[in-house]
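J.: Starting from these lines, generate the structure:
(one chain, ligands or ions: 1)
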Amino acid sequence: MRSVELGGWALLAVALPVLGWLLPVYWVYLLASVAVTGIIARSIGLVTGRLGLITLCQMSFAAIGGWTVSALALAWPAAPFPLLVLAGGAAAAPAGLAIGLATARIRGVEFAIVTLGFAAALDLVLRQGGFPGVGTGTPVIPHGPFAEPRGFFALAWTALVLVQLALGALGRSRVGLAWGAVRSGERAAAALGVRVARVKALGFATGACIAGLGGGLLAGQFGLLTTSVFTPLTSMMQLVTAVLCGASLFGGAVLAGAFSVFLPELLRRAGIPLDVGNALLAVGAFDVLRRGRGGLAEQLRAALQDRAFARARLQVALGPTAPDDAAASPGPPCAPAVPVPPVPTPTVSVPAVSAPAVSAPAAETGAASGVPPRLAVAGLTVRYGGVTALDEVSLSLMAGEVHALVGPNGAGKSTFVDAVTGFLPEVGGTVALDGVSGFDALPARERAVRGVRRTFQHARPVDGATVGGFLRLAAAGRPDAGPERAERIRVAVRFLGLPGADVPVRLLDAGSRRVLEIAGALVAAPRAVLLDEPAAGLGEAERAGLAERVRRIPEVFDCAVLLIEHDMGFVRAAVSRATVLDDGRVIAHGAVDRALAEPRVIAGYLGGEA
Ligand SMILES: Nc1ncnc2c1ncn2[C@@H]1O[C@H](COP(=O)(O)OP(=O)(O)OP(=O)(O)O)[C@@H](O)[C@H]1O
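T.: This is a model prediction of the structure:
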């Protein structure tokens, strides 16, 4: 895969100068247009392809870049043109940041409508004021060699390649990995410690900056810009073409540029109305979205990846472990490598709660030893409209224990995890971490950063990431040094038998993805992990292997585990204590065998299975 990419870059490095100097000027002009349009398509590929946000205003950001370059070139004709183009990108970025911050809490149709509104508003403003130089008929003439078509060709393609290299580096960084996490699911991203609103705004601002660069280049290529180039409709057509071609990749952006430039030319020569071409592009984009496999370039890359990893191990290996398997290295213990900062006293007041329906004896919760529970949950109450999903539920999760939370479907188990990890807006009761109250007042991301990590019943690890990339992102939420993180990742990979770091997550089967999600929780040096049905999707042998590993998590990672699981064999193999919920209330708790042997549990849940 890597060699294919390197080969592609080498081919480009040779082909572009040759084409630039040998082709007739007309073709050089068209190919320069491909690069400029490709830059705008790449900005859409970032926002829509990587971040999953439908943007209908990328041509408006291009207009801001074009307007800025036009104004600067008229005021300062001898200015180095590349510098002006950079100024165009810089001018568009704040507009993107402002929209990104204002829309941080929305996505989907609402987000698309906001961007369309911005595009329409800017279109009106531009129609009133026009672009600099148009009134007097003074065109932008790029200073120096860039005024010539061949010089401009070199500038446009250099800009596209530099944008790609910058996005490639960003994509491998924590920010880029976080874009994929946000696209996969904002809840799951927050559970990884990602600042969702900030990451979205930054991504949108980056996209705006790139579109601004494209618009700045358009000013140099056209000389005089007209508003018809930057209407909301052209933004929509750019989006359609970018989606069809898969512009989250360099090849897709180039293809989108080629479609935009050559399709109208071909249709014109064939005497076919341009609208027919637009309709064909729209149908193609619709088909791409319907299939959900990405645009043309993304599908090609997926096919190449499938081939490259055809012989690789793509499942977790969960055979029996040797007692010292995970901790084979003499490295530092995985946790608590970083001390957990104290939780500040909450500024919001927590409503007083009455005593829990069933309260745990002090000896069982560990309170008698004076060691505070890792998580002390008291009187947790959650209502969905008229449904009381949790009713005064209390549970103490002690250091060193694996504790099961079991009960029939609809008992409130997932709601409990959502409430403790901060994913529900209105929750009654209190949660303390390591004896410090106020944990329940923190937002979800902050709870993850403080060391309470979770997995989801329906796992969705980061789109487009590799196993290694996902784990790096998951480990990055803690303020410790790189080598400690790398060591935690190494231990978790070995402990859970994960496939190679370069394997794309999308190639893993459902069960292996869930195990990867567990690893993501563990590499963050958590104080407690809450695992929601982690064995779903695994075969019989793997389930046994996972149960054994879950039992050993406290010993290897110094973190307490709350396990939700319907398979009682798995539960008995993995846990020491259990709390049984039914209809949102605790009906039994204590040592696992005793709790599961309670008559109410056997009658209401196990149906004689005990
Ligand atoms: N978003 C929601 N809106 C309304 N009701 C909900 C919502 N989520 C859960 N519920 C209800 O709350 C109750 C508890 O649901 P929850 O998903 O927590 O149960 P569970 O024990 O995790 O079930 P399962 O084992 O099937 O996952 C159920 O009656 C469910 O229908």
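
J.: buried stuff in stretch 153-168?
T.: The neighbour-count check on stretch 153-168 (16 or more other C-beta atoms under 10 Å) flags 153-157, 159-161, 163-164, 167 as buried. (Glycine included, C-beta is placed from N, CA and C.)

J.: any low-confidence regions in the stretch 201-350 of the chain?
T.: 320-350 (pLDDT under 70).

J.: rerun that using 80 as the cut-off
T.: Judged against pLDDT under 80, the low-scoring parts of the stretch 201-350 of the chain cover residues 319-350.

J.: Can you list phi and psi of the residue lying farthest from the centre of the chain for me?
T.: Outermost residue of the chain with respect to the C-alpha centroid, by C-alpha atoms, centre = their mean, is Thr136; its distance is 47.7 Å. Torsion angles at Thr136 (phi, psi; degrees, to the nearest 10) stand at phi -100, psi 0.

J.: hang on, the earlier thing: from the buried residues of stretch 153-168, list the ones also adjacent to the ligand.
T.: Among the buried residues of stretch 153-168, not one lies near the ligand by C-beta under 6 Å from any ligand atom.

J.: from the residues you listed, which two are the most distant?
T.: Farthest-apart pair in those is Phe153 and Leu167; separation 21.6 Å (C-beta to C-beta).

J.: Helix or strand next in line after the helix or strand harbouring Leu233, which one?
T.: Assessed by DSSP states H and E, Leu233 sits inside helix 232-245. Downstream of helix 232-245, the next assigned helix or strand under DSSP H and E is helix 250-270.

J.: residues of that next one that come out buried?
T.: Residues of helix 250-270 classed as buried: 250-261, 263, 267 (neighbour count, 16+ other C-beta under 10 Å).

J.: any idea which of the residues you listed is closest to the ligand?
T.: Closest approach to the ligand among the buried residues of helix 250-270 (C-beta to the nearest ligand atom): Gly252, at 36.9 Å.

J.: Might you report the residue contacts of the closest one?
T.: Gly252 makes contacts with 41, 45, 49, 242, 245-246, 295-298, as judged by C-beta atoms under 8 Å, 6 or more residues apart in numbering.

J.: Against Ala159, how distant is Leu165?
T.: In this view, Leu165 and Ala159 are 11 Å apart by C-beta to C-beta, to the nearest Å.

J.: er, Ala104 I mean
T.: Look at Ala104 and Ala159: by C-beta to C-beta, they are 29 Å apart.

J.: Ok, Leu124 next?
T.: With distances taken as C-beta to C-beta, Leu124 is found 29 Å from Ala159.

J.: can you check Leu170 too?
T.: For Leu170 relative to Ala159 (C-beta to C-beta), the value is 16 Å.

J.: What is the helix holding Leu233 packed up against?
T.: Judged by 3 or more C-beta pairs under 8 Å, 6 or more residues apart in numbering; DSSP states H and E, helix 232-245 is in contact with helix 25-44, helix 58-75, helix 108-129, helix 250-270, helix 274-291, helix 296-308.

J.: longest helix of this protein?
T.: Longest helix in the chain, counting residues (DSSP state H): helix 196-222.

J.: what residues does stretch 546-554 touch?
T.: By C-beta under 8 Å, 6+ apart, stretch 546-554 touches 318, 320-321, 326, 399-402, 495-496, 515, 522, 529, 531, 534-535, 538, 559-561, 563, 569-570, 573-575.

J.: Can I get that stretch as CSV, trimmed to CA atoms?
T.: The C-alpha trace of stretch 546-554 is given here as CSV (Å, rounded to 0.1, in the frame of the first residue of the first chain):
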residue,chain,number,x,y,z
LEU,A,546,-12.1,-12.4,26.9
ALA,A,547,-13.8,-13.4,30.2
GLU,A,548,-10.4,-14.4,31.6
ARG,A,549,-8.8,-11.1,30.5
VAL,A,550,-11.6,-9.0,31.9
ARG,A,551,-11.1,-10.8,35.2
ARG,A,552,-7.4,-9.8,35.1
ILE,A,553,-7.9,-6.1,34.1
PRO,A,554,-7.7,-4.8,37.7
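
J.: List the buried residues in it.
T.: In stretch 546-554, counting by 16+ other C-beta under 10 Å, buried: 546-547, 549-554.

J.: Mind putting the residues you listed into a markdown table with secondary structure and distance to Phe61?
T.: Converted to a markdown table, the buried residues of stretch 546-554 look like this (DSSP: H, G, I helix; E, B strand; the rest coil; distance: C-beta to C-beta, whole Å):
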| residue | secondary structure | distance to Phe61 |
| --- | --- | --- |
| Leu546 | helix | 47 |
| Ala547 | helix | 52 |
| Arg549 | helix | 49 |
| Val550 | helix | 48 |
| Arg551 | helix | 53 |
| Arg552 | helix | 52 |
| Ile553 | helix | 47 |
| Pro554 | helix | 51 |
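
J.: Please produce JSON lines containing the residues you listed, extended by pLDDT.
T.: Below are these laid out as JSON lines (pLDDT from 0 to 100):
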{"residue": "Leu546", "pLDDT": "94"}
{"residue": "Ala547", "pLDDT": "95"}
{"residue": "Arg549", "pLDDT": "94"}
{"residue": "Val550", "pLDDT": "96"}
{"residue": "Arg551", "pLDDT": "96"}
{"residue": "Arg552", "pLDDT": "95"}
{"residue": "Ile553", "pLDDT": "95"}
{"residue": "Pro554", "pLDDT": "96"}
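
J.: Is it possible to get JSON lines of these that adds distance to the ligand?
T.: As requested, these are exported to JSON lines (distance: C-beta to the nearest ligand atom, whole Å):
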{"residue": "Leu546", "distance to the ligand": "18"}
{"residue": "Ala547", "distance to the ligand": "18"}
{"residue": "Arg549", "distance to the ligand": "22"}
{"residue": "Val550", "distance to the ligand": "18"}
{"residue": "Arg551", "distance to the ligand": "22"}
{"residue": "Arg552", "distance to the ligand": "25"}
{"residue": "Ile553", "distance to the ligand": "21"}
{"residue": "Pro554", "distance to the ligand": "23"}
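
J.: Specify the local secondary structure of the nearest residue to Pro145 once chain neighbours are set aside.
T.: Nearest residue to Pro145, sequence neighbours excluded (C-beta to C-beta, 6 or more residues apart in numbering): Gly151, at 3.4 Å. State at Gly151, reduced to three classes by DSSP: H, G, I helix; E, B strand; the rest coil: helix.

J.: interface residues of the protein facing the ligand?
T.: With the criterion set to C-beta under 6 Å from any ligand atom, the chain comes near the ligand through 384, 387, 389, 407, 409-415, 457.

J.: on that earlier part again, I'd like to know how far the residue nearest to Pro145 sits from the ligand.
T.: Using C-beta to the nearest ligand atom, to the nearest Å, Gly151 is found at 59 Å from the ligand.

J.: Next, count neighbours for that residue.
T.: Taking other C-beta atoms under 10 Å as the criterion, the count of residues near Gly151 is 17.
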